[in-house]
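Engineer: generate coordinates for the sequence data below:
(2 chains)
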Amino acid sequence: MSFKEFLLLNMQVYCVLVTLIFATSLIVGLIFAPEQNLRYYHLASPFLMAALCTLPSFITYFKNEPTLKQYIFRHILQLMVIETVVLIMIEPPADTDSTLFYLMIGIITVVIFVLVKLMIWLRKYAESQKLTEQLKQMQKNA
Amino acid sequence: MQIKITKTGRDKPELLEIHCHEISDEVREIITFVRSRQGKLTAVADEKQYEIAVTDVFYIESVDNRSFIYTEDKVYETRQRLYELENMLNEKHFLRVSKSVVLNLMKVSSIKPALNSRFTAVLFSGEQVVISRKYAPALKKALKGRS
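Structural biologist: Residues are numbered from 1 along each chain as shown, chains lettered A, B, ... in the order given. Sure, this is the predicted structure:
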């Protein structure tokens, strides 16, 4: 993957993250602070959080082809950085069990991380299916 | 080595005759090149020399500067370098898919995703060959152009 392709992929990841963070805010908000009023500037937070969570993707970029160990290590590191960023940035609402809140946010972060990786894999799967179709066509034409 | 070309009539078969003092490596290379142009590769297995039809080759792999030709059920060794074979066979649906493998696209049954922008080519023999990140764009381009 060239750096340009990597950037394009991360822009897609950013858009998916914004959507998932909005959905998470809705679920977590309804559980922990359903009565809390929000101001308009709160709507900016998913965009900011998505940007902060997309930046650690650069840890996974390799100029040369990595070994399987390097690949797994970088992805675990990426998840750890994202978890740290999220837990530092988010504050629990007043009158809530902060341990439960942080635990839930931690778990949701892992779920979102896995969903994004799944999305990337599905994208690649579709690409490989297209390549197989082109290959079959080439074999038929030969 | 001198080269002499004589035009012949259409009624006679084309003939390449080599006059040499001994069958040296250079002569063998010429023979291999001509045979590959005819759709055949010269290789060795079990200390015997074989002529393998290019269409029977699944992939060619280079290991420790030695090139191995893989067919459905046998592995042969050839004296030629991987890059020479790549240049010779790229018009016959062969493509470099990693640093050490030239793959016959006609023997690939499907392409699967693999980790980190790699792909895996599943061959009709059931074997799997890794298409590395570096060569994946060339494969995409080749398939787009040939399909």
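Engineer: list, one by one, the residues from chain A near chain B.
Structural biologist: A:1-2, A:62, A:65-66, A:68, A:71, A:121, A:124-125, A:127-128, A:131-135, A:137-139, A:141-142 (CB under 8 Å from any CB of the partner chain). For every residue, glycine as well, the C-beta is placed using N, CA and C.
Engineer: got a PyMOL select line for the buried ones in the residues you listed?
Structural biologist: Entered in PyMOL, the line below selects the buried ones among the residues of chain A next to chain B, by 16 or more other CB atoms under 10 Å in any protein chain shown:
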select buried, chain A and resi 1+62+65+66+71+124+127+128+131+132+134+135+138+139
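Engineer: so who does the residue nearest to the spatial centre of chain B touch?
Structural biologist: Taking CA atoms, centre = their mean as the criterion, residue B:85 is the residue nearest the geometric centre of chain B, at 4.6 Å. By CB atoms under 8 Å, 6 or more residues apart in numbering or on different chains, the contact list for residue B:85 reads B:36, B:41, B:60, B:67, B:78, B:94, B:102.
Engineer: which strands or helices does the host helix or strand of residue A:20 pack on?
Structural biologist: Using DSSP states H and E, residue A:20 falls within helix A:3-32. Counting contacts by 3 or more CB pairs under 8 Å, 6 or more residues apart in numbering or on different chains; DSSP states H and E, helix A:3-32 is packed against helix A:45-54, helix A:98-141.
Engineer: pull out the buried positions in the shortest one.
Structural biologist: The neighbour-count check on helix A:45-54 (16+ other CB under 10 Å) flags A:46, A:49, A:50, A:52, A:53, A:54 as buried.
Engineer: let me see the mean pLDDT of that helix.
Structural biologist: Taken as a whole, helix A:45-54 carries a mean pLDDT of 92.
Engineer: do a quick rundown of the helices in chain B.
Structural biologist: For chain B, applying DSSP state H gives helices covering B:25-37, B:82-89, B:136-146.
Engineer: and stretch B:17-29, how far from the chain's centre?
Structural biologist: Here stretch B:17-29 shows a centroid-to-chain-centroid distance of 21 Å under the convention CA atoms, centre = their mean, to the nearest Å.
Engineer: same check on stretch B:76-96?
Structural biologist: 3 Å.
Engineer: what mean pLDDT does that stretch get?
Structural biologist: pLDDT averaged over stretch B:76-96 gives 88.
Engineer: and that stretch, how far apart are its ends?
Structural biologist: 19 Å (CA to CA, to the nearest Å).
Engineer: ok, how many other residues are close to residue 117?
Structural biologist: Since no chain was named, I'll use chain A. 14 (other CB atoms under 10 Å in any protein chain shown).
Engineer: oops, chain B please
Structural biologist: Neighbour tally, residue B:117, other CB under 10 Å: 21.
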